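Student: no sequence on hand, only this structure:
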């Protein structure tokens, strides 16, 4: 039994139910393959909702990113759920080229995928059952791989069947049927006996997850040319010791940038002052090329 088995009870979900289950099973062997397969399953689920809901009109260039960033899609999806979808896509994009996906990220990739397909079930099924993602059901093992080579990921991708043609999916449903699904979504709160709730991560964890994957997508390697929570001694305030959220290093070992994460509600100038003081102290110890503040929500 797995988290996504409930999808098998509805034949309408056939296009994405099996991919979801395959992604969950992947975590027994590889976090990287899990993130990649979760993104692939998400793409098929997004295609399903576009082809069934008349309110959604696909943009001209219907990539997964353009579909989930479309204004109409964002209007029907809760902001927290949308953030989870975006994170999942970034993990999947990184995984597609090999590299590292942490166990926590792979678990959350499945969690975020689960949130989205559960949202689909709430909006469009006739009788939604309240359920929650259960990590205990994941087939985790001691032999799980956290890194994959680009060659192994290319081999995995080549072994998979082509995704169904999106244009054909969009044309497969009549407008009358699509309008029926739209009405189901719009009346879900009245039709369903239970409410839909999103498992939310803390703002601090969400912020860190975004920065971590964005740095890796930009080519930085943690514990090599990117270090976290770097101690800075000799500050003018408090105990005299602070910690840089992220420090980026060049090939010569010199500091290229300091990345400081702050809440969106915090004035960026506050973080900039903090980074400048960190940089001044670090400059006395090692040469610094530049420093940067990266505000994240």
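Tutor: All right, it came through fine. Everything numeric in this text was worked out from a predicted model, so none of it was measured.
Student: residue 227 - that's part of a helix, no?
Tutor: No: looking at residue 227 with DSSP: H, G, I helix; E, B strand; the rest coil, it is strand, so not inside a helix.
Student: isn't it up against residue 249?
Tutor: Yes: using Cβ atoms under 8 Å, residue 227 is in contact with residue 249, at 7.4 Å. Where you see a C-beta, it was placed from the backbone N, CA and C, and this is true even at glycine.
Student: of the two, who's got more company?
Tutor: More crowded of residue 227 and residue 249, by other Cβ atoms under 10 Å: residue 249, with 18 against 15.
Student: where exactly do the strands run in this structure?
Tutor: Per DSSP state E, the chain carries strands over the ranges 99-100, 147-148, 226-233, 241-249, 255-259.
Student: out of those, flag the one nearest residue 12.
Tutor: strand 147-148 (33.4 Å; Cβ to Cβ).
Student: partners of the closest one in the sheet?
Tutor: Paired strands of strand 147-148, with direction, are strand 99-100 (antiparallel) (DSSP bridges).
Student: avg pLDDT for the strand it pairs with?
Tutor: What strand 99-100 shows for mean pLDDT is 86.
Student: contacts for that strand?
Tutor: With Cβ atoms under 8 Å, 6 or more residues apart in numbering as the test, strand 99-100 has contacts from 32, 146-148, 216, 222.
Student: if you set the cut-off to 6 Å instead, what comes out?
Tutor: 146-147 (Cβ atoms under 6 Å, 6 or more residues apart in numbering).
Student: in the stretch 101-250 of the chain, what spans have low per-residue confidence?
Tutor: For the stretch 101-250 of the chain, no stretch is flagged by pLDDT under 70.
Student: please name the bridge partners of residue 233.
Tutor: residue 241.
Student: wouldn't it be in contact with residue 242 here?
Tutor: No: counting by Cβ atoms under 6 Å, residue 233 sits too far from residue 242 to count as a contact (8.4 Å).
Student: burial of the residue lying closest to residue 226 once chain neighbours are set aside, as a residue count?
Tutor: Of all residues not flanking residue 226 in the chain, residue 220 sits nearest, at 4.1 Å (Cβ to Cβ, 6 or more residues apart in numbering). Neighbour count of residue 220, defined by other Cβ under 10 Å: 19.
Student: tell me how far residue 220 lies from residue 92.
Tutor: For residue 220, the distance to residue 92 (Cβ to Cβ, to the nearest Å) stands at 19 Å.
Student: got it, and residue 51?
Tutor: 21 Å.
Student: and these two? Which one has more around it.
Tutor: The neighbour comparison of residue 51 against residue 92 (other Cβ under 10 Å) goes to residue 92, with 25 against 22.
Student: and that one, what pLDDT?
Tutor: 96.
Student: and what of residue 22?
Tutor: Looking at residue 22, the pLDDT reads 96.
Student: now do the contacts for it.
Tutor: Neighbours of residue 22 in contact, by Cβ under 6 Å, 6+ apart: residue 37.
Student: number of residues surrounding residue 204?
Tutor: Using other Cβ under 10 Å, residue 204 has 10 neighbouring residues.
Student: if I look at it, how far off is residue 210?
Tutor: Relative to residue 210, and taking Cβ to Cβ, residue 204 is found at 11 Å.
Student: do residue 6 as well
Tutor: Taking Cβ to Cβ, one finds residue 6 at 29 Å from residue 210.
Student: likewise for residue 168?
Tutor: 34 Å.
Student: which one's more surrounded, the two?
Tutor: Legend: neighbour count by other Cβ under 10 Å for residue 168 and residue 210, higher for residue 210 (18 against 9).
Student: do a quick rundown of the helices in the stretch 151-297 of the chain.
Tutor: Ranges of helices within the stretch 151-297 of the chain are 166-171, 175-186, 188-191, 203-217, 268-283, based on DSSP state H, counting those that start in this stretch.
Student: pull the distance from the longest one to the chain's centre.
Tutor: Relative to its chain's centre, helix 268-283 lies at 30 Å (Cα atoms, centre = their mean, to the nearest Å).
Student: ok, and for that helix, which residues are buried?
Tutor: 271-272, 274-275, 277-279, 281-282 (16 or more other Cβ atoms under 10 Å).
Student: try stretch 57-72
Tutor: 58, 62, 64, 67-68, 70.
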